[in-house]
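**Student:** Quick check, what structure comes out for this input:
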Amino acid sequence: MVVGDIMDRDLTSLAEETSLLEAISLMALHDTSGLPVVNTAGQVVGFLSEKDILRAVIPGYLGYMDENFTMPDVAKIKGMVKRVGRDPACDYMTKKCIAFDEEETISNAMMQMFRKNIRRAPVMREGMLVGIVDREEILRGFVHDNFAEGEVEIPIMSAK
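**Tutor:** A predicted model of the protein is given here:
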(Lines give C-alpha, C1' and ligand atoms only; values in the text may rest on other atoms or scores of the structure.)
Protein backbone atom coordinates (compact mmCIF):
# COMPACT_ATOMS: atom_id res chain seq x y z
CA MET A 1 0.00 0.00 0.00
CA VAL A 2 1.30 3.47 -0.85
CA VAL A 3 0.69 6.94 0.59
CA GLY A 4 -1.45 7.92 -2.41
CA ASP A 5 -3.95 5.19 -1.45
CA ILE A 6 -4.68 6.65 1.98
CA MET A 7 -3.91 10.37 1.72
CA ASP A 8 -6.50 13.06 2.23
CA ARG A 9 -6.95 14.77 -1.12
CA ASP A 10 -8.01 18.06 0.47
CA LEU A 11 -5.55 20.61 -0.91
CA THR A 12 -6.18 23.25 1.74
CA SER A 13 -2.91 25.10 2.07
CA LEU A 14 -1.47 28.47 2.99
CA ALA A 15 0.17 31.02 0.75
CA GLU A 16 3.54 32.25 1.98
CA GLU A 17 2.05 35.68 2.74
CA THR A 18 -0.95 34.31 4.70
CA SER A 19 -0.95 35.93 8.13
CA LEU A 20 -0.64 33.82 11.27
CA LEU A 21 -4.14 34.90 12.32
CA GLU A 22 -5.54 33.73 8.99
CA ALA A 23 -3.58 30.50 9.30
CA ILE A 24 -4.93 29.87 12.81
CA SER A 25 -8.48 30.51 11.58
CA LEU A 26 -8.06 28.18 8.61
CA MET A 27 -6.57 25.45 10.78
CA ALA A 28 -9.49 25.76 13.22
CA LEU A 29 -12.04 25.76 10.38
CA HIS A 30 -10.55 22.55 8.96
CA ASP A 31 -9.92 21.00 12.39
CA THR A 32 -6.28 20.34 11.59
CA SER A 33 -2.97 20.64 13.40
CA GLY A 34 -1.02 21.97 10.43
CA LEU A 35 -1.09 22.98 6.78
CA PRO A 36 1.41 23.04 3.93
CA VAL A 37 2.65 26.42 2.73
CA VAL A 38 2.85 26.82 -1.06
CA ASN A 39 4.41 29.42 -3.32
CA THR A 40 2.62 31.08 -6.25
CA ALA A 41 3.60 28.14 -8.51
CA GLY A 42 1.84 25.72 -6.13
CA GLN A 43 5.04 24.12 -4.90
CA VAL A 44 5.33 23.22 -1.23
CA VAL A 45 7.88 25.50 0.44
CA GLY A 46 7.14 24.64 4.06
CA PHE A 47 4.66 23.48 6.66
CA LEU A 48 3.02 25.50 9.43
CA SER A 49 1.99 23.48 12.48
CA GLU A 50 0.44 24.27 15.84
CA LYS A 51 3.90 23.86 17.33
CA ASP A 52 5.30 26.51 14.94
CA ILE A 53 2.51 28.89 15.96
CA LEU A 54 3.12 28.26 19.66
CA ARG A 55 6.81 29.02 19.13
CA ALA A 56 5.82 32.33 17.50
CA VAL A 57 3.33 33.28 20.20
CA ILE A 58 5.25 32.03 23.24
CA PRO A 59 8.95 32.18 22.35
CA GLY A 60 10.88 29.47 24.15
CA TYR A 61 7.72 27.55 25.10
CA LEU A 62 9.41 24.16 24.56
CA GLY A 63 11.93 25.04 27.23
CA TYR A 64 9.08 25.81 29.61
CA MET A 65 7.57 22.35 29.41
CA ASP A 66 8.70 21.14 32.79
CA GLU A 67 6.90 20.75 36.10
CA ASN A 68 7.65 24.34 37.13
CA PHE A 69 6.18 25.88 33.98
CA THR A 70 3.36 28.37 34.44
CA MET A 71 1.45 29.31 31.33
CA PRO A 72 1.16 33.06 30.75
CA ASP A 73 -2.32 34.42 31.48
CA VAL A 74 -4.88 34.64 28.69
CA ALA A 75 -4.54 38.42 28.28
CA LYS A 76 -0.79 38.10 27.77
CA ILE A 77 -1.23 35.29 25.23
CA LYS A 78 -3.85 37.33 23.35
CA GLY A 79 -1.42 40.24 23.28
CA MET A 80 1.32 38.02 21.90
CA VAL A 81 -1.05 36.64 19.24
CA LYS A 82 -1.97 40.19 18.27
CA ARG A 83 1.71 41.15 18.11
CA VAL A 84 2.68 38.37 15.67
CA GLY A 85 -0.73 37.75 14.11
CA ARG A 86 -0.14 39.91 11.04
CA ASP A 87 3.25 38.33 10.33
CA PRO A 88 3.34 36.02 7.29
CA ALA A 89 3.23 32.26 7.74
CA CYS A 90 6.55 31.91 5.91
CA ASP A 91 8.29 33.66 8.83
CA TYR A 92 7.35 30.82 11.21
CA MET A 93 6.82 27.73 9.04
CA THR A 94 9.15 24.75 9.07
CA LYS A 95 11.06 25.28 5.86
CA LYS A 96 12.66 21.85 5.61
CA CYS A 97 9.47 19.91 6.08
CA ILE A 98 9.08 16.23 5.46
CA ALA A 99 6.98 15.51 2.39
CA PHE A 100 6.21 12.23 0.67
CA ASP A 101 5.77 11.21 -2.91
CA GLU A 102 2.39 9.61 -3.43
CA GLU A 103 4.16 6.34 -4.38
CA GLU A 104 6.00 6.13 -1.02
CA THR A 105 5.07 3.06 1.01
CA ILE A 106 2.95 3.78 4.05
CA SER A 107 5.31 1.78 6.25
CA ASN A 108 8.23 4.05 5.28
CA ALA A 109 6.07 7.16 5.74
CA MET A 110 4.98 5.99 9.18
CA MET A 111 8.55 5.27 10.22
CA GLN A 112 9.73 8.74 9.14
CA MET A 113 6.78 10.50 10.78
CA PHE A 114 7.31 8.73 14.10
CA ARG A 115 11.08 9.31 14.01
CA LYS A 116 10.60 13.04 13.38
CA ASN A 117 7.55 13.25 15.69
CA ILE A 118 5.30 14.85 13.10
CA ARG A 119 1.57 14.32 12.73
CA ARG A 120 0.92 15.46 9.18
CA ALA A 121 2.95 15.78 6.01
CA PRO A 122 2.31 16.99 2.46
CA VAL A 123 2.07 14.46 -0.36
CA MET A 124 3.59 15.40 -3.70
CA ARG A 125 3.47 14.40 -7.34
CA GLU A 126 6.22 15.90 -9.49
CA GLY A 127 6.82 18.63 -6.91
CA MET A 128 3.16 19.65 -6.66
CA LEU A 129 0.87 19.20 -3.66
CA VAL A 130 -1.68 16.41 -4.21
CA GLY A 131 -2.73 15.70 -0.63
CA ILE A 132 -1.88 15.29 3.04
CA VAL A 133 -1.08 12.18 5.00
CA ASP A 134 -1.30 11.93 8.76
CA ARG A 135 -0.49 9.28 11.31
CA GLU A 136 -4.17 8.51 11.86
CA GLU A 137 -4.71 7.72 8.17
CA ILE A 138 -1.60 5.53 8.11
CA LEU A 139 -2.83 3.53 11.10
CA ARG A 140 -6.28 3.24 9.51
CA GLY A 141 -4.60 1.96 6.34
CA PHE A 142 -2.87 -0.82 8.27
CA VAL A 143 -6.06 -1.75 10.14
CA HIS A 144 -8.13 -1.63 6.93
CA ASP A 145 -5.74 -4.11 5.31
CA ASN A 146 -6.09 -6.45 8.29
CA PHE A 147 -9.90 -6.24 8.22
CA ALA A 148 -9.95 -6.79 4.47
CA GLU A 149 -7.76 -9.89 4.82
CA GLY A 150 -9.88 -11.26 7.69
CA GLU A 151 -6.98 -11.11 10.16
CA VAL A 152 -8.80 -8.90 12.65
CA GLU A 153 -12.29 -9.35 13.99
CA ILE A 154 -14.36 -6.29 14.89
CA PRO A 155 -15.35 -6.50 18.55
CA ILE A 156 -19.02 -5.93 19.20
CA MET A 157 -19.63 -3.55 22.07
CA SER A 158 -22.96 -3.25 23.76
CA ALA A 159 -24.27 -0.05 25.27
CA LYS A 160 -25.10 -0.35 28.95
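
**Student:** Averaged over its residues, which helix or strand of the protein has the lowest pLDDT?
**Tutor:** In the chain, the helix or strand scored least confidently by mean pLDDT, DSSP states H and E is helix 61-64, which has a mean of 56.

**Student:** Buried ones in whichever helix or strand comes after it, by neighbour count?
**Tutor:** Heading C-terminal from helix 61-64, the first helix or strand you meet, by DSSP states H and E, is helix 74-84. Buried residues in helix 74-84, defined by neighbour count with 16 or more other CB atoms under 10 Å: V81, V84. Where C-beta positions appear, they are placed from N, C-alpha and C, glycine not excepted.

**Student:** Sheet partners, orientation included, of whatever helix or strand comes next after helix 74-84?
**Tutor:** On the C-terminal side of helix 74-84, the closest following helix or strand by DSSP H and E is strand 100-101. Sheet pairing for strand 100-101, assigned by DSSP bridges, gives strand 120-125 (parallel).

**Student:** contacting residues around the partner strand?
**Tutor:** With contact meaning CB atoms under 8 Å, 6 or more residues apart in numbering, strand 120-125 is reached by 3-4, 7, 32-34, 36, 44, 47, 49, 97-102, 109, 113, 129-135.
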